[in-house]
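In: Okay, here's the prediction I keep looking at, along with the sequence it came from:
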Amino acid sequence: MKRNRILLAAGAVVTLAAALLVTTNAYAANLLTNPGFESGNLSGWSCTGSGSGAVTTPVRSGSYALNGNATASDNANCTQTVAVQPNTAYTLSGWVRGSYVYLGVTGGASTWTTASAYTQLTVPFTTTAGQTSVQVFVHGWYGTGAYNADDISLDGPGGQPTTSPTTASPSPSRSASASASPSPSRSVSPSPSTSQPPVTGLPKHALIGYLHASFANGSGYVRMADVPAAWDIINLAFGEPTSVTSGDIRFRQCPVAECPNVESEAEFIAAIKAKQAQGKKVLISIGGQNGQVQLTTTAARDAFVSSVAAIIDKYGLDGLDIDFEGHSLYLNAGDSDFRNPTTPVIVNLISALKTLKTRYGTKFVLTMAPETFFVQLGYQFYGGTSAGDNRAGSYLPVIHALRDALTVLHVQDYNSGPIWGLDNQYHTMGGADFHIAMTDMLKAGFPVANTGQTFPGLRADQIAFGVPAAVSAGNGYVSPAVVQAAVNCLVKGSGCGSYTLRGGTTPAFRGLMTWSINWDRYYGWEFMNAHEPFLNALP
């Protein structure tokens, strides 16, 4: 969120990666059923889409090979689940040919190649403590047509069978795997989160806005009592730290010198209670453009928890919004596993948010408003791998760790540079396709660059996106009609243009966020008047 109009450009630098040609013994102790498809069918494998099957040509060895048919909406993913032993090294290998063919372990390591002749791919991995099964996959890429695979092998000691290979559940057909430009190894996206939505009292489709509660910014001060009832979540902007690394967050109302019509503290608190009586949620938003927060130590973490709790308790708020921008979050070199981060500013923030969630219980509302640079850019560059800016994708470990506690993620679809989407294209601000592509990534999930890991998609009810309320509010403003066209595509699958939704439609799409309520009032409530009835009319 910005107090001024600032364009944050995410540099798009395409790196080249070469497919590895590794020679290993592919037949040492193969655990797979029908590894060369010599049964003449897909016995032992579960494959998505239509047109996939065993063929007699082209083959690498024997009489048959797999032919997968990747379409615009399906990557022809074939999987097999086998029993393995915990804490044990295995090697997955296979021979493939075609455009963008992937071999890997669901939720783990993978690799890919583009080759006109059969080329061997190899993926070494080690099972985790307590792991007794693994699902391997081979698939193509959306819209690239047929690929072939043969002589697939999983070498290592077998375990006690836990799932019959012939009944293994397939991965989602619209998994997000990799871009068509040269890029690092990618893995197939696992199923989105299956956790149940928390009971928060929010409407199915919510209108979310930021209120300039601590400053005016030229748009004019709006008293809490004067915020229209259309707004379902009101984020108080901003709580800011006493210093960058203190973790000590303070919030104060806009001073009279800047906001002559500011209400008293008692009136402010009373107005918050009145909004809550109407079923609205009022949150404290931490950070913003000027509020750099780096929880570099456990002492800063603890100060963050106690000071944020003090603000919530004083004003009787419903929860917390995390709007860390600038250099608040980053990844240290080598911190390349978003599932197990090691960078202190990441680890301490996760711990602090979990503590606050535990303190306030299941009805605690937790939202996040990262910029695309910190989320979707992680598909192409991830900061911990030393590829580009160390802040790239740095929200991903926080979102992932809090996914069961997260109420709404509304990425700022503004002040953004071009972002590479799941359709192998760069998307830029100014049209519906930017919102469609960016939001689809959150639903489908996506491989995290250079890591061999995949960020799983979120629940539909956790997903919204943010836009500027007016031209003065941020770079990337588009008309309400364009915003609604994007939502209709995401929710109903209609009007998507040339874009194919990799995550499928999102009927439970949570809603729209804007920066800001103040700017919307300044411009005659265009955002509110257009989108509140539109959201209410959605199924």
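Out: That came through, no problem. Residues are numbered from 1 along each chain as shown.
In: Next up, the contacts around the residue positioned nearest the centre of the chain.
Out: The residue lying closest to the centre of the chain (CA atoms, centre = their mean) is Leu442, at 4.0 Å. The neighbours of Leu442, taking CB atoms under 8 Å, 6 or more residues apart in numbering as the test, are 375, 409, 411, 457-458, 463, 503. The way it works is simple: take the backbone N, C-alpha and C, and place the C-beta from them, glycine included.
In: could I get those residues as JSON lines with pLDDT?
Out: Shown next, in JSON lines, are the contacts of Leu442 (pLDDT from 0 to 100):
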{"residue": "Val375", "pLDDT": "98"}
{"residue": "Leu409", "pLDDT": "98"}
{"residue": "Val411", "pLDDT": "98"}
{"residue": "Gly457", "pLDDT": "95"}
{"residue": "Leu458", "pLDDT": "96"}
{"residue": "Ile463", "pLDDT": "98"}
{"residue": "Gly503", "pLDDT": "93"}
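In: among these, who's most crowded?
Out: Counting neighbours by other CB atoms under 10 Å, Gly457 leads those with 29 neighbours.
In: I believe the residue nearest to the centre of the chain is in a strand; please confirm or correct that.
Out: No: going by DSSP: H, G, I helix; E, B strand; the rest coil, the assignment for Leu442 is helix, not a strand.
In: Against Gly431, how distant is it?
Out: 18 Å (CB to CB, to the nearest Å).
In: With just CA atoms, put the helix or strand harbouring Gln135 into PDB.
Out: Using DSSP states H and E, Gln135 sits in strand 133-139. Listed next in PDB are the C-alpha coordinates belonging to strand 133-139 (Å, rounded to 0.1, in the frame of the first residue of the first chain):
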ATOM      1  CA  SER A 133       4.900 -43.600   0.300                       C
ATOM      2  CA  VAL A 134       5.800 -41.400  -2.600                       C
ATOM      3  CA  GLN A 135       4.000 -40.300  -5.700                       C
ATOM      4  CA  VAL A 136       6.000 -39.900  -8.900                       C
ATOM      5  CA  PHE A 137       4.800 -38.100 -12.000                       C
ATOM      6  CA  VAL A 138       5.600 -37.400 -15.600                       C
ATOM      7  CA  HIS A 139       3.700 -34.800 -17.600                       C
END
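In: Give the other helices and strands that that strand contacts.
Out: Judged by 3 or more CB pairs under 8 Å, 6 or more residues apart in numbering; DSSP states H and E, strand 133-139 is in contact with strand 65-70, strand 78-83, strand 89-105, strand 145-155.
In: gap between it and the chain center?
Out: Distance, stretch centre to chain centre, for strand 133-139: 22 Å (CA atoms, centre = their mean, to the nearest Å).
In: That strand: partners in the sheet, and parallel or antiparallel?
Out: strand 78-83 (antiparallel), strand 89-105 (antiparallel) (DSSP bridges).
In: what is the mean pLDDT for the shortest one?
Out: Averaging pLDDT along strand 78-83 gives 93.
In: Next, the angle from that strand to strand 145-155.
Out: 10 degrees (axes from the mean of the first three to the mean of the last three CA atoms, to 10 degrees).
In: And the last one, by the same measure?
Out: What separates the directions of strand 89-105 and strand 145-155 is an angle of 170 degrees, with the same axes, to 10 degrees.
In: List the buried residues of strand 89-105.
Out: Judged by neighbour count (16 or more other CB atoms under 10 Å), strand 89-105 contains these buried residues: 90-105.
In: which of these sit farthest apart?
Out: Tyr90 and Ser99 (27.5 Å; CB to CB).
In: what residue ranges in the protein score low on pLDDT?
Out: Residue ranges of the chain with pLDDT under 70: 1-29, 72-73, 107, 160-200, 387.
In: Helices along that one, start to end?
Out: Per DSSP state H, the chain carries helices over the ranges 265-277, 298-315, 344-360, 396-401, 432-444, 480-492, 517-522, 526-537.
In: now these in TSV, with distance to Leu207?
Out: What follows is the helices of the chain, written out as TSV (distance: least, CB to CB, whole Å):
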stretch	distance to Leu207
helix 265-277	13
helix 298-315	21
helix 344-360	23
helix 396-401	22
helix 432-444	16
helix 480-492	12
helix 517-522	10
helix 526-537	5
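In: Which one of those lies nearest to Ala65?
Out: Minimum separation from Ala65 across the helices of the chain (CB to CB) falls at helix 432-444, 28.7 Å.
In: Which one of the helices of the chain lies nearest to Asn148?
Out: So among the helices of the chain, helix 432-444 is nearest, using CB to CB, at 25.4 Å.
In: Can you list the buried residues in that closest one?
Out: Quick answer for helix 432-444 (16+ other CB under 10 Å): 432-444.
In: got it, and stretch 103-112?
Out: Under the neighbour-count rule (16+ other CB under 10 Å), stretch 103-112 has 103-112 buried.
In: Show the end-to-end separation of that stretch, please.
Out: 6 Å (CA to CA, to the nearest Å).
In: Distance from it to the middle of the chain?
Out: Stretch 103-112 sits 19 Å away from the centroid of its parent chain (CA atoms, centre = their mean).
In: give the contact list for the residue lying closest to Ala469 once chain neighbours are set aside.
Out: Once flanking residues are discounted, Ala469 sits nearest to Asp520: 4.0 Å by CB to CB, 6 or more residues apart in numbering. When contacts are counted by CB under 8 Å, 6+ apart, Asp520 touches 209, 469-470, 514, 526-528.
In: of those, closest to Asn30?
Out: Thr514 (55.5 Å).
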